[in-house]
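Student: okay, predicted coordinates and the sequence, questions at the end:
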Protein chains: 2
Amino acid sequence: MINQTTSFLILSSLLNILFFIALALFIAKKGGISYLFNKVLHIFPKKKSKHFDYPPYYWHKKSQFEKLPLSESDIIMLGDSITDEGEWTELLGLNVKNRGISGDTTERILHRLNTILESKTKQIFLMIGINDLINDGKSVTATLEQYKNILREFQEKIPKTKVFVQSVLPVNNKLYLYWQDNNNVLKLNSGLKKLAKEFNYEYIDIFSLLLDSENQLDAQYTVDGLHLNGQAYLVWKAVLEKYMVAPEP
Amino acid sequence: MINQTTSFLILSSLLNILFFIALALFIAKKGGISYLFNKVLHIFPKKKSKHFDYPPYYWHKKSQFEKLPLSESDIIMLGDSITDEGEWTELLGLNVKNRGISGDTTERILHRLNTILESKTKQIFLMIGINDLINDGKSVTATLEQYKNILREFQEKIPKTKVFVQSVLPVNNKLYLYWQDNNNVLKLNSGLKKLAKEFNYEYIDIFSLLLDSENQLDAQYTVDGLHLNGQAYLVWKAVLEKYMVAPEP
């Protein structure tokens, strides 16, 4: 009996030690003691505003966007990191302005939509939703519901602006930094296509252009399976050029 | 004795159970079984290159920069996140191009300098070094040594380009996301000033303009104590405008 108990105890303790080592490695990888300290500090948040957990990058960018003038001849690239990381002015022209913020979700876009709505810009190219699935673990239905609120705002506040609903992009699940079921992305996109029709906006499919034969984001376009390299931006740019209104003479 | 062993066993088993629950929740949040499968597949990474640990963002941006043409009339903003996050074309004009990459250090700048040197651009505004101290834990002396290599490259490969050595910015240590001894930053800056003189480049002090009365990055300019909001970019922009060559008629 004692022998059996002792074996259990040893096994259990070994498991615990293993877990502690794994935890220590995880913390070390994340940034060590300062990461831990920071996390602990944030377990009990102070007065929470609703948007307390948006990162500093969000506030910094939003504040910059509030100070940068937009005009009615501007073309807006609106979205998350995938939009943010593109050098759109260089890719597409002087009046194309980057209003992407890494990490953005449909909720975060809604919360900063005022910086877009104030100026009645000519065109808006919207790509948002993948972080709703990956980071927020939101369902496709909930994401579409929120997306609809964005389009409703556009239709009510800037009815003359041409809005383009861009497909969300596939993920490559063989590269290991992000994981997302591409069938969900497909579902989201078919919902977006419907939504676009409902609002009488054009839907642009970028998803299909970046796929490999196994329905993953083609590895030639990405290092981490989610974000894009220069070659991918050239593919995307070529599609957008067809939709862009020529600047007035 | 048995009682004590039993208590240990119970405690140890409870810890085991707790860890398993935490692990299960973590995996579920990340995407369930297929996420796990995917991670297990990637436990043993393949061949490592020297720069294996540069993040995907670095490679994606570098690859984009390699595909975007630069011309001799261009003005280059070169640096880390603090440069990267500025909408320089909107702030300063059409020929001002953002070549910042978040997380960059002097080493990482050197490793992508080819994308800058190929075109003999008119002006380069360089701000780099804070991540050498904060992320790499490098000494001021080692940082300056590496910085010197960058300036040497400029002088040898693009002697006609006007290079501006910008001060590194202070940190606000009362905001809790980053910590850095501002005396070290001051030491780095006084080294940079000397280096600039040695290479006959102009030194631009932005450090002093963003300080509060306690020699910290003024809280009005930052949320996290390191990065900048829109107001700070307007201060910085006002300085740069004085140094920018008017575009040719």
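Tutor: Now that the structure is in, tell me what you want to look at.

Student: pull the CA atoms of stretch A:54-72 into CSV?
Tutor: What follows is stretch A:54-72 as a C-alpha-only set of coordinates in CSV (Å, rounded to 0.1, in the frame of the first residue of the first chain):
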residue,chain,number,x,y,z
TYR,A,54,-6.6,48.2,-25.8
PRO,A,55,-2.8,48.3,-26.1
PRO,A,56,-0.8,51.6,-26.1
TYR,A,57,-0.2,51.1,-29.8
TYR,A,58,-3.9,51.5,-30.5
TRP,A,59,-4.1,54.8,-28.5
HIS,A,60,-1.0,56.2,-30.1
LYS,A,61,-2.1,55.5,-33.6
LYS,A,62,-5.7,56.7,-33.0
SER,A,63,-4.3,59.9,-31.5
GLN,A,64,-2.1,60.4,-34.5
PHE,A,65,-5.0,59.7,-36.9
GLU,A,66,-7.0,62.4,-35.1
LYS,A,67,-4.3,64.9,-35.8
LEU,A,68,-3.8,64.1,-39.5
PRO,A,69,-6.2,65.7,-41.8
LEU,A,70,-8.2,63.7,-44.3
SER,A,71,-9.9,65.1,-47.4
GLU,A,72,-12.7,64.1,-49.7
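
Student: domains of chain A?
Tutor: Chain A breaks down into these domains under automatic domain parsing: A:2-41, A:56-243.

Student: let me know whether the helix ranked longest in chain A sits next to chain B.
Tutor: If you go by DSSP state H, chain A has its longest helix at helix A:2-30. Yes - interface with chain B: helix A:2-30 contributes A:2, A:5, A:6, A:8, A:9, A:12, A:13, A:15, A:16, A:19 (CB under 8 Å from any CB of the partner chain). C-beta coordinates here come from the backbone N, C-alpha and C atoms, glycine included.

Student: quick revisit: please identify the deepest-packed of the domains of chain A.
Tutor: Ranked by average neighbour count under the criterion mean count of other CB atoms under 10 Å in any protein chain shown, the domains of chain A are headed by domain A:56-243 at a mean of 19.

Student: where does the prediction get shaky in chain A?
Tutor: For chain A, the stretches flagged by pLDDT under 70 are A:1-2, A:26-52, A:245-249.

Student: now the helices: where do they sit in it?
Tutor: A:2-30, A:32-41, A:56-67, A:81-84, A:88-92, A:106-111, A:114-117, A:130-134, A:140-157, A:182-199, A:230-243.

Student: what's the third one packed up against?
Tutor: The criterion is 3 or more CB pairs under 8 Å, 6 or more residues apart in numbering or on different chains; DSSP states H and E, and the helices and strands that helix A:56-67 contacts are helix A:114-117, helix B:230-243.

Student: how far off centre is the shortest one?
Tutor: When you say that, I think you mean helix A:114-117. Taking CA atoms, centre = their mean, to the nearest Å, the mean C-alpha location of helix A:114-117 is offset from the chain mean by 19 Å.

Student: which other residues reach that helix?
Tutor: Helix A:114-117 is contacted by residues A:62, A:65, A:66, A:70, A:76, A:78, A:99, A:124, A:153, A:154, A:157, A:158 when judged by CB atoms under 8 Å, 6 or more residues apart in numbering or on different chains.

Student: would you mind writing the CA trace of it as PDB?
Tutor: Listed in PDB are the C-alpha atoms of helix A:114-117, where the atom choice follows Å, rounded to 0.1, in the frame of the first residue of the first chain:
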ATOM      1  CA  ASN A 114     -15.100  58.700 -35.700                       C
ATOM      2  CA  THR A 115     -11.600  59.400 -37.200                       C
ATOM      3  CA  ILE A 116     -12.800  58.000 -40.500                       C
ATOM      4  CA  LEU A 117     -16.300  59.400 -40.600                       C
END
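
Student: hmm, back to that, can you put the domains of chain A in JSON lines and add distance to residue B:232?
Tutor: Listed next are the domains of chain A as JSON lines, based on distance: least, CB to CB, whole Å:
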{"stretch": "domain A:2-41", "distance to residue B:232": "23"}
{"stretch": "domain A:56-243", "distance to residue B:232": "9"}
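
Student: got a list of contacts for stretch A:170-177?
Tutor: Here stretch A:170-177 makes contact (CB under 8 Å, 6+ apart) with A:130, A:134, A:178-180, A:182, A:185, A:207, A:210-212, A:215-219, A:222-226, B:34, B:38-39, B:41-42, B:56.

Student: kindly recompute the last result at 6 Å.
Tutor: The contact list for stretch A:170-177, computed with CB atoms under 6 Å, 6 or more residues apart in numbering or on different chains, reads A:178-180, A:182, A:185, A:207, A:211, A:216-217, A:219, A:222, A:224-226, B:38, B:42.

Student: want to throw the helices and strands packed on helix A:56-67 into a markdown table with distance to residue A:162?
Tutor: What follows is these, written out as a markdown table (distance: least, CB to CB, whole Å):
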| stretch | distance to residue A:162 |
| --- | --- |
| helix A:114-117 | 14 |
| helix B:230-243 | 27 |
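
Student: out of the ones you listed, which is closest to residue B:193?
Tutor: For residue B:193, the closest of the helices and strands packed on helix A:56-67 is helix B:230-243, at 15.4 Å, according to CB to CB.

Student: what parts of chain A come near chain B?
Tutor: A:5, A:9, A:12-13, A:15-16, A:19, A:56, A:59-60, A:63-64, A:67-68, A:87, A:89-90, A:94, A:173, A:176, A:179, A:223-224, A:227, A:229-230, A:233 (CB under 6 Å from any CB of the partner chain).

Student: against which helices or strands is the longest helix of chain A packed?
Tutor: With contacts taken as 3 or more CB pairs under 6 Å, 6 or more residues apart in numbering or on different chains; DSSP states H and E, helix A:2-30 sits against helix B:2-30.

Student: what angle do helix A:2-30 and the helix it packs on make with each other?
Tutor: Going by axes from the mean of the first three to the mean of the last three CA atoms, to 10 degrees, helix B:2-30 is angled at 40 degrees with respect to helix A:2-30.

Student: from residue A:99, how far off is the closest residue to residue A:104 other than its chain neighbours?
Tutor: Setting aside the residues directly before and after it, residue A:104 is nearest to residue A:80 in space (CB to CB, 6 or more residues apart in numbering or on different chains), at 4.1 Å. In this view, residue A:80 and residue A:99 are 11 Å apart by CB to CB, to the nearest Å.

Student: before we move on, what about residue A:117?
Tutor: For residue A:117, the distance to residue A:99 - CB to CB - is 12 Å.

Student: can you lay out the residues of helix A:2-30 next to chain B as a markdown table showing distance to residue B:239?
Tutor: A markdown table is the format used below for these (distance: CB to CB, whole Å):
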| residue | distance to residue B:239 |
| --- | --- |
| A:2 | 77 |
| A:5 | 73 |
| A:6 | 72 |
| A:8 | 69 |
| A:9 | 67 |
| A:12 | 63 |
| A:13 | 62 |
| A:15 | 59 |
| A:16 | 57 |
| A:19 | 53 |
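
Student: check contacts around the residue nearest to residue A:188 when sequence neighbours are not counted.
Tutor: Distances taken as CB to CB, 6+ apart place residue A:140 nearest to residue A:188, at 5.0 Å, with adjacent residues excluded. Neighbour list for residue A:140: A:184, A:187, A:188 [criterion: CB under 6 Å, 6+ apart].

Student: and the contacts of stretch A:170-177, which two are furthest apart?
Tutor: A:207 and B:42 (24.5 Å).

Student: thought residue A:129 was touching residue A:142?
Tutor: No - if you go by CB atoms under 6 Å, residue A:129 and residue A:142 don't touch, sitting 10.6 Å apart.

Student: distance from stretch A:172-184 to the middle of the chain?
Tutor: Relative to its parent chain, stretch A:172-184 has a centroid offset of 14 Å by CA atoms, centre = their mean.
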